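Asks: dropping a prediction and its sequence here:
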Amino acid sequence: MKRLPFEKPLSELLDKIEQLKTLSQTEGIDLTSEIAKIEERADAVRRDLYANLTPIDVVQIARHPNRPDAISLATLMLTDWTELHGDRQFADDPSIIGGLGLMGSHRVMLIGHQKGHDTKENIYRNFGMPHPEGYRKALRLMQLADRFNIPIVTLIDTPGAYPGLAAEERGQAEAIARNLKEMAGFRVPIISVVIGEGGSGGALGIGVGNRLLMLQYAVYSVISPEGCASILFRDAKKADIAAKALRITASDIYSLGVCHGILPEPLGGAHHHWQETASTIQSACITELNRYQSWSSDAIIEERFQHFRKLGPFIENNEPANMPTFC
Amino acid sequence: MKRLPFEKPLSELLDKIEQLKTLSQTEGIDLTSEIAKIEERADAVRRDLYANLTPIDVVQIARHPNRPDAISLATLMLTDWTELHGDRQFADDPSIIGGLGLMGSHRVMLIGHQKGHDTKENIYRNFGMPHPEGYRKALRLMQLADRFNIPIVTLIDTPGAYPGLAAEERGQAEAIARNLKEMAGFRVPIISVVIGEGGSGGALGIGVGNRLLMLQYAVYSVISPEGCASILFRDAKKADIAAKALRITASDIYSLGVCHGILPEPLGGAHHHWQETASTIQSACITELNRYQSWSSDAIIEERFQHFRKLGPFIENNEPANMPTFC
Amino acid sequence: MSIVDWFAKKEKTNATSTKLNIPGDVWIKCPSCGEILFQKDLESNAKVCPKCQHHFRLSAFERIELLADPTSFVEVDSSISPIDFLTFSDTEPYQARIHKSQSKSLSKDAVITGSATIQGIPVQLAVMDFGFMGGSMGAVVGEKITRTIERGVATQNPVIVVASSGGARMQEGIMSLMQMAKTSVALQQLARVKVPYISIMSDPTTGGTSASFATLGDINLVEPGALVSFAGPRVIEQTIRQKLPKGAQRAEFLLHHGMVDRVVHRKELPTTIAKLLRVLMIPTGGAHETTPL
Amino acid sequence: MSIVDWFAKKEKTNATSTKLNIPGDVWIKCPSCGEILFQKDLESNAKVCPKCQHHFRLSAFERIELLADPTSFVEVDSSISPIDFLTFSDTEPYQARIHKSQSKSLSKDAVITGSATIQGIPVQLAVMDFGFMGGSMGAVVGEKITRTIERGVATQNPVIVVASSGGARMQEGIMSLMQMAKTSVALQQLARVKVPYISIMSDPTTGGTSASFATLGDINLVEPGALVSFAGPRVIEQTIRQKLPKGAQRAEFLLHHGMVDRVVHRKELPTTIAKLLRVLMIPTGGAHETTPL
Ligand SMILES: [Zn+2]
Ligand SMILES: [Zn+2]
């Protein structure tokens, strides 16, 4: 399991534990109590580290290569899961996945960005960066869900929509924009969960939901900290400062009223416990879906509309409006 | 003006007229009465020829390079004509055109296959053979029309949808199929007019209308006579026999109950008089559009549905059903 | 004819496996991997090559046997028969072709329709038969598929259509083209009442069939290796002299190009369909009442 | 401020043509063809190069002057001003940037909104101003465009938005991203009441603006040569090291790729818009009553 830069103090302890374990095996010495002692220290260090994460640390957790991916979560959360493919026009984009399944007793269309866990998978999944056909696949599947009155759950985890000529030629901007508008009109509830990286328009393209939830160490940002640092701070190395300034952690996004809830992760991050993470997301989604059981489609559309309508602070006639609670 | 194979008897007379005219100019001889005499004979021959056209002759007229094209007809028939482009996904296909305008007092969305009149134009227009993006442009524009309650007029003139790898990759079959289904559901009246070649699925892809009209020398067929000859008759040269067997002329299609009306062409074919042809089509369309003025959208959809529902003769319990009137 | 009658005839005539008859009638060479297969083994394996998973073509009744729950299929509209209303004659009169095909076949045209259950779920089913005049779509195929869809509307049962067709039946002229419209218009009616439609494309699905109901599924499934195209490889080569790369227009090509939801092994079809329908179908007395827009 | 005030100030400050000021302030070199142009001539030609038709950028008020019928524009929501709710500071505090931009500009943020008529047709109009912080979209731009769309819903007037923007305003963090959703959600409301929306893309329209309201027009028009993209050329080169061919992401590229309905010369915009609206707008007491689905 890849260790993150901020985990360095922990890393040394983990190395020592491994050494001792090897030693105890090869040499046949009983080091149980030594190991237990160091493990206890490691736990304390981990708790301390994770209690004092900086935003850029959180970004690293959100991007951890072993973070649970959308398909894995779908198979853990759903019964009768069937992945569906293709935009019916041009291609099947492997960086966005979708399919039907049952979440508890709820029928759901699950849509998600899909990253890989190693280089080969990541190349196949284009590192979770969709082309327009990915957004169009998502749209097709969401329209299918809407037609059959099936609630939609979207799992957001992308560095952003792919920035390349082919994507531009096929209308990356239009593909994302259309999803925003169409998602606004669906008659079924849409629950979006940021499970890793919420990268700008590429994330929002499947994120216009009634409810937005975030995993504890997920981030959501208008631009990557690195991009912001190089453009606004004129120094790509100031990503840590940018990460802080942009307010991209789950608690920031919650304070700003953009997300509705934060889902706790296991100590050390979701990558340590996929099943536990899946259960957390599943039960949060089921709670949300239960809420809508008796709602009319008009009420569902209206709730979604009202949520986005009130986002964006400004001053009018010298009075602040739409201010977030922390101000 | 290209002369057609069956016009050979006429052609000799026309040549003679031209010779005499040249002669009278260069030599200063007055040949008016001789010319008038031959012109009279030419008229008689033309009338005779056009009264005894075989189906393959009609195919040649329908494909005449100077036959009026969709854009020219649009500009002749509509005021406030504005051509609109693009499928908003992949490309703007020049072999299908569309746009908004007023036909008399009726707002219309006009869609049509677009051929060229010379090699350069034909290459640009791909000889009127659309790729999937052409059908998707048509669909987008028809959806726009439906949204704003604007009746749709489609002008059919294609050898067929383009048969090529790129078209297959982008879902030629799906693009046509989707149009058939979506056109069935539009709440505005759809008037389709075959103005030249009605080539198979590529024609039908913009042809699921409430009313189908055909110009007198237009044809409509499930396969080109040449294609049918080579497949069924095992001899590409038997196109004339295939043309006859397939029943593709306007009067055949009318007898079969597939089209609702035949629009007369000027003597010698529409290519001799674009303005007159445009007027004929325009007034026929206006008559049709007037019919729907007070119709509910449900009635419009139902009429379209019923028209296609009853097409297709068969035998059930030894009783023929849906038989065309000529049987 | 019901599937029970078919079973009765099956042993005697073996007419539906004509395509596979090679001299000797017992061994079949797999056209994909070249393996020599014992015909009985092939048939007991859903006509899938055990070595390379090549899917051999199925007759309509063989298909129904694999897809529907045992004894659940009830055929309807079996008496509908084609008529040569154009008195069409090419190298042979259409009427003669009809007779020949009907005498070789257990059905009157290229599609069998009826109701069935798939893993307990009631469905309206139409299954095409490539063995009958290349599965070509004329007025009978159009009418029977349209009626199947209409029964879906009436019963609220999901509609399943298995395509296997070379395209429109040219001998019926423009009327064969109109069947594309007729079936697609019916699917618009089905969509309006929100009853699911699953299209299954088997080898081959080309021309007018692919350009109408076969690609219009709420869910499109395709069998491995099946050829699905608007213009077939020969048409493309003859018309524009373009040679297609290997694998073009095959099931996996379609998946790659976003045209189908899944490539599904023949043996997995019932389970896949049932799983999908369990989620797609609105549970009776279910949640999220929709109000009209 | 009304357009009348703008005319009054125009002569004095000339602030909106800062971009064009080169030493001497009277001659401008066309960046496209190199022609040296007299500034007054350029301004009297709608800021279009008479030689090569290069479209120079316009301030919001210049745009309104060209688009709306004389004296028809009535500005609203002019008092809405940005707030630095994140206390954001990069090389300079956001608050300082706001002040600097406001003092150079005649408006409080990067969009001017109001009602007007175009060739006699009443419309709701929003015009962006690239001169104000690169036309970046923060909460003020989002709110004012949303209100413009809402006035379209309320008045049934068609909505016209002229985009000119480098994208989201990063200094407002996630909230700038949310303006993409906010404006697009409002356009869904507009679509539901069937009021037409015409989007006009001028140079440049990139990032969050292109990926929301700017590409969502019932009709999308673009000025010749305008750059319209999701990821701009520099982003693409820096991120994936792909060099774009000449003309990529320009208006004609968009037309070719099916993203816009027409490339329209600036001087033709009012006529084109009016022609389209005459057909798009349902005539009062008109035909074809629609019944709900
Ligand atoms: Zn094999
Ligand atoms: Zn110039």
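Replies: Here it is on my side, so go on. Ligands and ions are numbered 1, 2, ... in the order given.
Asks: when you work out contacts or count neighbours from here on, use the C-alpha atoms and nothing else.
Replies: Fine.
Asks: residue A:141 touches residue A:109, doesn't it?
Replies: Yes. The pair residue A:141 and residue A:109 passes the contact test of Cα atoms under 8 Å, sitting 7.4 Å apart.
Asks: what sits in contact with each of these two?
Replies: A:98-99 (Cα atoms under 8 Å, 6 or more residues apart in numbering or on different chains).
Asks: between these two, point out the one with more neighbours.
Replies: The neighbour count for residue A:141 versus residue A:109, taken as other Cα atoms under 10 Å in any protein chain shown, is higher for residue A:109 (31 against 26).
Asks: show me which residues of the stretch 101-250 of chain A are close to chain C?
Replies: Neighbours of chain C within the stretch 101-250 of chain A, by Cα under 8 Å from any Cα of the partner chain: A:101-102, A:107-108, A:144, A:147-150, A:187-188.
Asks: so, low pLDDT: which residues of the chain?
Replies: You didn't say which chain, so I picked chain A. A:327 (pLDDT under 70).
Asks: think we crossed wires, I meant chain C
Replies: Short version for chain C, where the test is pLDDT under 70: C:1-25, C:284-293.
Asks: the longest helix in it is where?
Replies: Longest helix in chain C by number of residues (criterion: DSSP state H): helix C:173-192.
Asks: can that helix be found next to chain B?
Replies: Yes. Shown here: helix C:173-192 in contact with chain B (Cα under 8 Å from any Cα) through C:173-182, C:184-188.
Asks: what is that helix packed up against?
Replies: helix B:172-185, helix B:200-204, strand B:219-221, helix B:297-309, helix C:139-155 (3 or more Cα pairs under 8 Å, 6 or more residues apart in numbering or on different chains; DSSP states H and E).
Asks: okay, buried residues for the helix or strand just after the third one please.
Replies: Secondary structure here is assigned by DSSP states H and E; on that basis, the next helix or strand after strand B:219-221 toward the C-terminus is helix B:225-232. Neighbour counts using 16 or more other Cα atoms under 10 Å in any protein chain shown place B:225-230, B:232 of helix B:225-232 among the buried residues.
Asks: what's the closest of those to residue A:325?
Replies: Closest to residue A:325 out of the buried residues of helix B:225-232 is residue B:227 (72.2 Å), distances taken as Cα to Cα.
Asks: excluding covalently adjacent residues, which one is nearest to that closest one?
Replies: residue B:236 (7.1 Å; Cα to Cα, 6 or more residues apart in numbering or on different chains).
Asks: what about that neighbour, distance to chain C?
Replies: For residue B:236, the distance to chain C equals 12 Å [Cα to the nearest Cα, to the nearest Å].
Asks: what residues are up against the residue nearest to residue A:262 when sequence neighbours are not counted?
Replies: Nearest residue to residue A:262, sequence neighbours excluded (Cα to Cα, 6+ apart): residue A:214, at 5.0 Å. Residues in contact with residue A:214 (Cα under 8 Å, 6+ apart) are A:193-195, A:250, A:259, A:261-263.
Asks: over to residue A:214. Which of the three states is it?
Replies: Here residue A:214 is recorded as strand under DSSP: H, G, I helix; E, B strand; the rest coil.
Asks: neighbours of the residue nearest to residue C:48 when sequence neighbours are not counted, how many?
Replies: In space, and not counting its chain neighbours, residue C:48 is closest to residue C:55: 4.6 Å by Cα to Cα, 6+ apart. As a burial measure, residue C:55 scores 22 neighbours (other Cα under 10 Å).
Asks: residue C:55 contacts residue C:43, doesn't it?
Replies: No. With contact defined as Cα under 8 Å, residue C:55 does not count as touching residue C:43 (11.1 Å).
Asks: phi, psi of the residue lying closest to residue C:33 once chain neighbours are set aside?
Replies: By the measure of Cα to Cα, 6+ apart, the closest residue to residue C:33 outside its immediate chain neighbours is residue C:52, 6.3 Å from it. Phi and psi for residue C:52, reported as degrees, to the nearest 10, are phi -110, psi 0.
Asks: tell me the contacts of residue C:173?
Replies: Contacts of residue C:173 (Cα under 8 Å, 6+ apart): B:221-222, B:246-248, C:86.
Asks: would CSV of the buried residues of helix B:225-232 with distance to ligand 1 be doable?
Replies: Formatted as CSV, the buried residues of helix B:225-232 follow (distance: Cα to the ion, whole Å):
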residue, distance to ligand 1
B:225, 39
B:226, 38
B:227, 34
B:228, 35
B:229, 36
B:230, 33
B:232, 33
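Asks: ok, those residues vs chain C, which is closest?
Replies: residue B:232 (5.9 Å; Cα to the nearest Cα).
Asks: what angle separates the longest helix of chain C from helix B:297-309?
Replies: Relative orientation of helix C:173-192 versus helix B:297-309 (axes from the mean of the first three to the mean of the last three Cα atoms, to 10 degrees): 140 degrees.
Asks: any buried residues in helix C:173-192, and which?
Replies: Quick answer for helix C:173-192 (16+ other Cα under 10 Å): C:173-191.
Asks: grab the nearest non-local neighbour of residue 189.
Replies: Went with chain A since none was named. Closest to residue A:189 by Cα to Cα, 6+ apart is residue A:151, at 5.2 Å.
Asks: should've been chain C
Replies: residue C:153 (7.5 Å).
Asks: contacting residues around the one residue in the stretch 1-150 of chain A that gets nearest to chain B?
Replies: Among the residues of the stretch 1-150 of chain A, residue A:90 lies closest to chain B, at 4.9 Å counting by Cα to the nearest Cα. With contact taken as Cα under 8 Å, 6+ apart, residue A:90 is in contact with A:133, B:169-171, C:257-259.
Asks: which of those fall in helices?
Replies: Among the contacts of residue A:90, the members found in helices (DSSP H) are A:133, B:169.
Asks: could the contacts of residue A:90 go into CSV alongside distance to residue C:127?
Replies: CSV is the format used below for the contacts of residue A:90 (distance: Cα to Cα, whole Å):
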residue, distance to residue C:127
A:133, 32
B:169, 26
B:170, 27
B:171, 23
C:257, 25
C:258, 24
C:259, 21
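Asks: and of the contacts of residue A:90, the nearest to ligand 2?
Replies: Among the contacts of residue A:90, residue A:133 lies closest to ligand 2 (Cα to the ion), at 37.6 Å.
Asks: thought that closest one was touching residue A:95?
Replies: No. With contact defined as Cα under 8 Å, residue A:133 does not reach residue A:95; the gap is 9.7 Å.
Asks: would stretch C:209-226 count as contacting ligand 1?
Replies: No. Between stretch C:209-226 and ligand 1, judged by Cα under 5 Å from the ion, nothing touches; the nearest distance is 11.5 Å.
Asks: check which residues of that stretch are buried.
Replies: Those would be C:209-226, for stretch C:209-226 by 16+ other Cα under 10 Å.
Asks: dump the C-alpha coordinates for stretch A:96-111 into CSV.
Replies: What follows is stretch A:96-111 as a C-alpha-only set of coordinates in CSV (Å, rounded to 0.1, in the frame of the first residue of the first chain):
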residue,chain,number,x,y,z
ILE,A,96,-17.3,6.8,-16.7
ILE,A,97,-19.2,3.7,-15.7
GLY,A,98,-22.9,3.1,-15.0
GLY,A,99,-25.4,0.4,-14.4
LEU,A,100,-28.5,-0.8,-12.7
GLY,A,101,-28.9,-2.5,-9.4
LEU,A,102,-30.7,-2.6,-6.1
MET,A,103,-29.5,-0.7,-3.1
GLY,A,104,-31.3,-2.3,-0.3
SER,A,105,-34.9,-2.3,-1.6
HIS,A,106,-34.2,0.8,-3.8
ARG,A,107,-33.8,0.4,-7.5
VAL,A,108,-30.9,2.7,-8.6
MET,A,109,-29.0,3.7,-11.6
LEU,A,110,-25.4,4.1,-10.4
ILE,A,111,-23.1,6.4,-12.4
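Asks: what's next to that stretch, contact-wise?
Replies: By Cα under 8 Å, 6+ apart, stretch A:96-111 touches A:70-71, A:74, A:77-85, A:112-114, A:128, A:130, A:134-135, A:137-138, A:141-142, A:145, A:150-155, A:206, A:282, A:286, A:289, C:276, C:279-280.
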